[in-house]
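Q: Need coordinates for the below:
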Amino acid sequence: MKGGVPHRGRIFFQFFSFAQPDEVTRYVRFTDETGTHSGTLREDMISVLDGDPIFDDDVAQTGEIVSLNAVVLEIPMDPTRVPNVLGVAGNSNNPNREPVNVDHPRWFSKATTSLA
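A: Sure thing, here's the model as predicted:
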């Protein structure tokens, strides 16, 4: 411990201070006149990727940039490659009641046909 801040706390603070909201990578799937693609969204522009970041290794940007207004956004995963989505219920507390401690949160499953 140096200067009253534990080492682990300093690392967290450094990470937190560098991870600004505008630096978050936002992956999108979209359809344009050439087909359905994956990309990264920054403001109103999409940098097209050369693969699916969920399934493919070493996905890179193609250099092509398209306007968000020129595409139709799709669900974030290809429903032909993902038959089911698993989730963990994280909102177990009712805001009008005493908090409940949950040792094992509930798991749930959704078919990709139920995703909007």
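
Q: Not counting residues beside it along the chain, what's closest to N69?
A: In space, and not counting its chain neighbours, N69 is closest to D44: 6.8 Å by Cβ to Cβ, 6 or more residues apart in numbering. Yep, even glycine has a C-beta here, placed from its N, CA and C like the rest.

Q: Tell me if I'm right that the one you found and V66 touch.
A: No - contact criterion Cβ atoms under 8 Å: D44 and V66 do not qualify, at 10.2 Å.

Q: circling back to that earlier point, wait, what's in contact with the residue nearest to N69?
A: Contact partners of D44, counting by Cβ atoms under 8 Å, 6 or more residues apart in numbering, are S67, L68, N69.

Q: Roughly how far does it sit from T62?
A: Using Cβ to Cβ, to the nearest Å, one gets 19 Å for the distance from D44 to T62.

Q: any chance you could map the helices in this protein?
A: In the chain, helices defined by DSSP state H lie at 7-18, listed in chain order.
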